[in-house]
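Asks: how does the following fold in three dimensions:
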Amino acid sequence: MSILSFDIGGTKIASAEIENDGKICEEVKIVPTPKNAEGIADLIQKTASAGTFDGLAVATAGVVFENKVQGKPTNLPSGYENIDFAKLTGLKTAIINDANAAICAENQCGRLKNYRNAAMLTLGTGVGCGLILNGELYEGKIGAAGEVLFPVAGCDLAELAQENGLAISDCFAIKAASESGNKTAIEVLHLWQKRLVDAIVLLNQVLDLEAVVLGGSLAKIVDYNAVEKAVNEIMRRNPLLVMQAEFENNAGLVGAAFWWRKCHG
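Replies: As a prediction, the model looks like this:
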């Protein structure tokens, strides 16, 4: 069974054909996100018409409930929330929040395989959170579960740098400066990771988790040993694993396809 999968974000849209086992059948296509909703709809229609697919899967920014985007995501154009994805192609369609798609991929065939209670934080321009509870994706009553404004996004790290007088805003440059011995960069990263520790501790206190995985571009600059140690020094009675996600840029594509299979069999 062949699923056409999209991962729609504020800056780029990725698409690929995904097989049942999550295997990507072709090179992932990445294009800049069109500036209007009509352009996004047109891109999906043209991609779908260029092949033969059994279904359409969409991972998207924003809250998703009952196979519909609930309100305009902050990083997507006006009118996006009104796109009827199923009518665009005529294919059986499943839509899922991008953070939820990412944790579905990790739970099916990534770091969280066989874990029944876990969370995933995607650290990038913004912060996303996906939850697996009792072996199932947990969305909440309106699909907004996990929509917590944890201050650990790239903009938060850049703000910490500015507040501490570090003339660097790029996250990877801050990491490189810390590795070169820049004391201010080291302190900025320490403060940012302290926030990350606090976020993971809060999730564990509320949800009683086995593991947390970190994805997104900023997951590459985390000191996992230090973060896990700091978390478990606080959570001595209830320790957990902290790991980097196995899937990187393709998590949304793969997870959306798995979600389609769960919805449509």
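Asks: Leu202 should be in a helix, yeah?
Replies: Yes. The assignment for Leu202 is a helix, going by DSSP: H, G, I helix; E, B strand; the rest coil.
Asks: all the strands of the stretch 151-265 of the chain, in order from the start?
Replies: Along the stretch 151-265 of the chain, counting by DSSP state E, counting those that start in this stretch, strands occupy 211-215, 241-244.
Asks: which secondary structure elements does the first one sit against?
Replies: Strand 211-215 makes packing contacts with helix 98-109, strand 118-123, helix 183-207, strand 241-244 when contacts are defined by 3 or more Cβ pairs under 8 Å, 6 or more residues apart in numbering; DSSP states H and E. In short, each C-beta sits where N, CA and C put it, glycine included.
Asks: pairing partners for the last one, with directions?
Replies: Sheet pairing here is set by DSSP bridges, and for strand 241-244 it gives strand 211-215 (parallel).
Asks: gap between the partner strand and the chain center?
Replies: Put simply, strand 211-215 sits 10 Å off its chain's centre (Cα atoms, centre = their mean, to the nearest Å).
Asks: low-confidence stretches in the stretch 101-250 of the chain?
Replies: Judged against pLDDT under 70, the stretch 101-250 of the chain has no low-scoring part.
Asks: among the strands of the stretch 151-265 of the chain, which is nearest Asp7?
Replies: Of all these, strand 211-215 sits nearest to Asp7, with 12.3 Å by Cβ to Cβ.
Asks: can you list contacts of the closest one?
Replies: The contact list for strand 211-215 (Cβ atoms under 8 Å, 6 or more residues apart in numbering) reads 102-103, 106, 110-112, 115, 118-123, 196, 200, 203-204, 222, 224, 240-248, 251.
Asks: just the C-alpha atoms of it, please, in PDB.
Replies: What follows is strand 211-215, C-alpha atoms only, in PDB (Å, rounded to 0.1, in the frame of the first residue of the first chain):
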ATOM      1  CA  ALA A 211      11.300   7.900  28.300                       C
ATOM      2  CA  VAL A 212      11.500  11.300  26.600                       C
ATOM      3  CA  VAL A 213      13.000  11.700  23.100                       C
ATOM      4  CA  LEU A 214      14.100  15.000  21.700                       C
ATOM      5  CA  GLY A 215      13.800  15.800  18.000                       C
END
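Asks: angle of it against strand 118-123?
Replies: Per axes from the mean of the first three to the mean of the last three Cα atoms, to 10 degrees, the angle that strand 211-215 makes with strand 118-123 is 20 degrees.
Asks: relative to helix 98-109, how tilted is strand 211-215?
Replies: Counting by the same axes, to 10 degrees, strand 211-215 lies at 120 degrees to helix 98-109.
Asks: contacting residues for the spatially most central residue of the chain?
Replies: Nearest to the geometric centre of the chain sits Ala99, at 3.4 Å (Cα atoms, centre = their mean). Contact analysis of Ala99 by Cβ under 8 Å, 6+ apart lists 120, 122, 128-130, 146.
Asks: Lys29 now?
Replies: With contact set as Cβ under 8 Å, 6+ apart, Lys29 has these partners: 14-16, 47.
Asks: so of those, which ones are in helices?
Replies: With helices taken from DSSP state H, the overlap with the contacts of Lys29 comprises Thr47.
Asks: what subset of the contacts of Lys29 is buried?
Replies: 14-16, 47 (16 or more other Cβ atoms under 10 Å).
Asks: check contacts around the residue lying closest to Met235 once chain neighbours are set aside.
Replies: Residue nearest to Met235 in three dimensions, not counting chain neighbours: Asn204, with 5.6 Å by Cβ to Cβ, 6 or more residues apart in numbering. Counting by Cβ under 8 Å, 6+ apart, Asn204 touches 212, 231, 235, 238, 240.
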